[in-house]
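> here is a sequence with its predicted model. Questions after.
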Amino acid sequence: MNHDDLKKIIRDIPDFPKPGIIYKDITPVLKNASAFKYALNVMQKVLDKYNIDYIAGIESRGFIFGAALAEKMNRGFIPIRKPGKLPYKSFQEEYSLEYGSNMLEIHQDAVSSGDTVAVVDDLLATGGTALAANRLIERCGGRVAVDLFLIELSFLKGRALLKDVKTETIISY
């Protein structure tokens, strides 16, 4: 298994979630045990370069990669959720994405002052989702050491929005 194999497994879904968008579907990677393991191992090698206390995953596909990486690396996992899903006091952050806007939330006590966090998601597009997640970590008093994505849509230039945080990706389109 290598990066090119992963690219071949990732499926393009045209016109989802709206016309003109080509959605990068990672579910075939998740279904293929060796591809999923390869993706997690490569992502872990990237995270091993950083001194992190926690891994935060962005709902929903970031949960899959983030929680698995947290377990592999013996780190705690922090869920960053869509609105109305967290039961405790939370901070909210609105953001724009390539086909609309949304909001993310984090428990106010998810991170303590001085904690270092890696934010993990499946895809970097325009960067709005990751920027909102970074801001939530900072509002809790933590510091984002790295934003890590399996896939980057480089033509959307999301990396530029995340210029204040180290950004790492595995596959670029």
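Cool, the structure landed.

> not counting sequence-adjacent ones, nearest residue to the residue minimising distance to the centre of the chain?
Most central residue of the chain, judged by C-alpha distance to the mean C-alpha position with Cα atoms, centre = their mean, is Asp121 at 1.6 Å. Excluding its sequence neighbours, the residue lying closest to Asp121 (Cβ to Cβ, 6 or more residues apart in numbering) is Gly62, at 3.8 Å. (Glycine included, C-beta is placed from N, CA and C.)

> stretch 21-41: end-to-end distance?
With Cα to Cα, to the nearest Å as the measure, the ends of stretch 21-41 fall 29 Å from one another.

> stretch 159-168 too?
The stretch stretch 159-168 measures 9 Å between its terminal residues, going by Cα to Cα.

> list the buried residues for that stretch?
Within stretch 159-168, the residues scored as buried using 16 or more other Cβ atoms under 10 Å are Arg159, Leu161, Leu162, Val165, Thr167, Glu168.

> which SSE is the residue of the chain lying at maximal distance from its centre in?
In terms of distance from the mean C-alpha position of the chain, Pro19 ranks first, at 24.0 Å (Cα atoms, centre = their mean). Under the criterion DSSP states H and E, no helix or strand holds Pro19.

> just for the chain, where's the confidence low?
97-100 (pLDDT under 70).

> ok, and what's touching the longest helix seen in it?
Longest among the helix segments of the chain by residue count, using DSSP state H, is helix 33-47. Outside helix 33-47, the residues that touch it by Cβ atoms under 8 Å, 6 or more residues apart in numbering are 1-3, 5-6, 9, 28-30, 55, 65, 68-69, 72-73, 118, 120, 146, 148, 150, 168, 170.

> one more: stretch 125-137?
When contacts are taken as Cβ under 8 Å, 6+ apart, the neighbours of stretch 125-137 outside the stretch itself are 56, 58, 78, 80, 91, 93-98, 102-106, 111, 117, 119, 121, 124, 143-144, 147, 149, 153, 156-162, 164-165.

> same check on stretch 106-115?
With Cβ under 8 Å, 6+ apart as the test, stretch 106-115 has contacts from 53-54, 56, 78-81, 86, 88-91, 117, 133, 136-137, 139-143.

> okay, and which of the residues you listed map to strands?
Secondary structure assignment (DSSP state E) places Tyr54, Ala56, Ile78, Pro79, Ile80, Ser90, Phe91, Val117, Arg143 from the contacts of stretch 106-115 within strands.

> can you measure across stretch 102-115, start residue to end residue?
Here the two ends of stretch 102-115 are set 26 Å apart, with distance taken as Cα to Cα.
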